[in-house]
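S.K.: dropping the sequence and predicted coords here.
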Number of protein chains: 2
Amino acid sequence: MPTIAIHPSVDNGFKATNAAFLGGTLVCNCAINPVKVRIKGDIAHNHACGCSKCWKPDGAVFSVVAVAPMENVEVLENGDKLAVVDPAALIQRNACKDCGVHMYGPVERDHPFKGLAFVHPERFEEQGSANPGFAAFVSSIIESGYDPAKMDGVRARLRELNLEPYDCLNPGLMDYIATWTAKKNGVPAQ
Amino acid sequence: MPTIAIHPSVDNGFKATNAAFLGGTLVCNCAINPVKVRIKGDIAHNHACGCSKCWKPDGAVFSVVAVAPMENVEVLENGDKLAVVDPAALIQRNACKDCGVHMYGPVERDHPFKGLAFVHPERFEEQGSANPGFAAFVSSIIESGYDPAKMDGVRARLRELNLEPYDCLNPGLMDYIATWTAKKNGVPAQ
């Protein structure tokens, strides 16, 4: 058992991945009438996330979350059980009203991530989706009650898992956001 | 000459510091009637900052900025030349209306940094203040027009200068902010 629990899908070794993974079906946690959402095609930017809003399984300190184009998301079954957790949030997290699992969270407002949906790959029925590649919003776990004195240990454990810890997103995504903002503001590249 | 310019005070080697530095006088860039601001006591958290709002000398891609308790800040001369750049911003940057140099920027609203003032140590008349220890808001230089394709080089150069690059603040400060937020929201530490 690891000293510091991050998330069940990484604490005891990563699962095998399949470079040819072409999507699958996300299923919520309900034993009866589960919500099923199909993702057509692969996911991207899978990562551990410490923010207080992403869905986490019981006992997890981080969520594991990735994105897919919203055009690749299709609700297959029991969509009437879905409701948006916080309509004011950037990510419109559609959660199952019965079990609480977040099934997909599109970004609909003007934003560099517009057109993407956030999904939790651990809910795929199928094996083979990409493992998380970094950890985002690490300091934010403190906002959910994590002991600040234990943060050095958390970051060390994340590095041990090859999940480089960041307190925002990773440099590639942060640069992408800044580039979008510069273009939106009409700032010429020098 | 370094290939990638960061800031004049770091590009050609750091200046000698004095662990017993006890503050000094910040002076703006005006040849006549310069604004002078006394900082009583040492500065803290000196760092390079890529945000688009901090004052930078000509040709610099980053600013170099630190904090001091606002109670240690005293305007000595020509305070009538000072004006707040953006009254809506968290940091109330008091700049010289003639030369544009930011002299001190207090945080006055409810925030973990309330009571601190941001200052630019390169404006000290005296030698010996602490050198910058990390680089914050690195991706944000793109918002001011820096070429996104050159960011790997920027981060490599910052590491070469022992200015670990972050796209927000450093982990210690990010944890401090999150801890303040948890307490404010009444979240019990687990």
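M.R.: The structure has been received and is ready for your questions.
S.K.: C-alpha only now, for contacts and for neighbours.
M.R.: Noted.
S.K.: so which residues of chain A form strands?
M.R.: For chain A, strands defined by DSSP state E occupy the ranges A:23-27, A:36-40, A:44-49, A:63-69, A:73-77, A:82-84, A:94-96, A:102-106, A:116-119, A:134-136, A:164-165.
S.K.: C-alpha coordinates for the biggest helix by length in chain A, CSV please?
M.R.: Longest helix in chain A, counting residues (DSSP state H): helix A:171-184. Extracted in CSV, the C-alpha atoms of helix A:171-184 (Å, rounded to 0.1, in the frame of the first residue of the first chain):
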residue,chain,number,x,y,z
PRO,A,171,3.2,24.1,-19.6
GLY,A,172,1.9,22.9,-23.0
LEU,A,173,-1.7,23.6,-22.0
MET,A,174,-0.8,26.9,-20.3
ASP,A,175,1.0,28.0,-23.4
TYR,A,176,-2.0,27.0,-25.5
ILE,A,177,-4.3,29.1,-23.3
ALA,A,178,-2.0,32.1,-23.4
THR,A,179,-1.7,31.8,-27.2
TRP,A,180,-5.4,31.8,-27.5
THR,A,181,-5.7,34.8,-25.2
ALA,A,182,-3.0,36.8,-27.2
LYS,A,183,-4.9,36.1,-30.4
LYS,A,184,-8.2,37.0,-28.9
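S.K.: give the rounded mean pLDDT of it.
M.R.: Across helix A:171-184, the average pLDDT comes to 97.
S.K.: would you mark the buried spots in that helix?
M.R.: A:171, A:174-182 (16 or more other CA atoms under 10 Å in any protein chain shown).
S.K.: tally of neighbours for A:Arg157?
M.R.: 20 (other CA atoms under 10 Å in any protein chain shown).
S.K.: for A:Pro148, that is, sorry about that
M.R.: 19.
S.K.: quick check: the farthest pair among the buried residues of helix A:171-184?
M.R.: Maximum pairwise distance among these (CA to CA): 16.1 Å, between A:Pro171 and A:Ala182.
S.K.: would you point out the helix or strand in chain A whose mean pLDDT is lowest?
M.R.: Scoring the helices and strands of chain A by mean pLDDT, DSSP states H and E places helix A:8-11 at the bottom, with a mean of 91.
S.K.: just to revisit the earlier point, put together a markdown table for the strands of chain A, with mean neighbour count on each row.
M.R.: Putting the strands of chain A into a markdown table (neighbours: other CA atoms under 10 Å in any protein chain shown) gives the following:
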| stretch | mean neighbour count |
| --- | --- |
| strand A:23-27 | 22 |
| strand A:36-40 | 20 |
| strand A:44-49 | 23 |
| strand A:63-69 | 23 |
| strand A:73-77 | 16 |
| strand A:82-84 | 18 |
| strand A:94-96 | 23 |
| strand A:102-106 | 26 |
| strand A:116-119 | 25 |
| strand A:134-136 | 24 |
| strand A:164-165 | 22 |
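S.K.: can you pull the pLDDT of the closest residue to A:Tyr176 other than its chain neighbours?
M.R.: Among residues not flanking A:Tyr176 along the chain, A:Pro112 sits closest, at 7.7 Å (CA to CA, 6 or more residues apart in numbering or on different chains). A:Pro112 carries a pLDDT value of 96.
S.K.: can you count the residues close to A:Pro112?
M.R.: So A:Pro112, with other CA under 10 Å, has 16 neighbours.
S.K.: what's the answer for A:Leu158, then?
M.R.: 22.
S.K.: OK, contacts around it?
M.R.: Contact partners of A:Leu158, counting by CA atoms under 8 Å, 6 or more residues apart in numbering or on different chains, are A:6, A:135, A:164-165.
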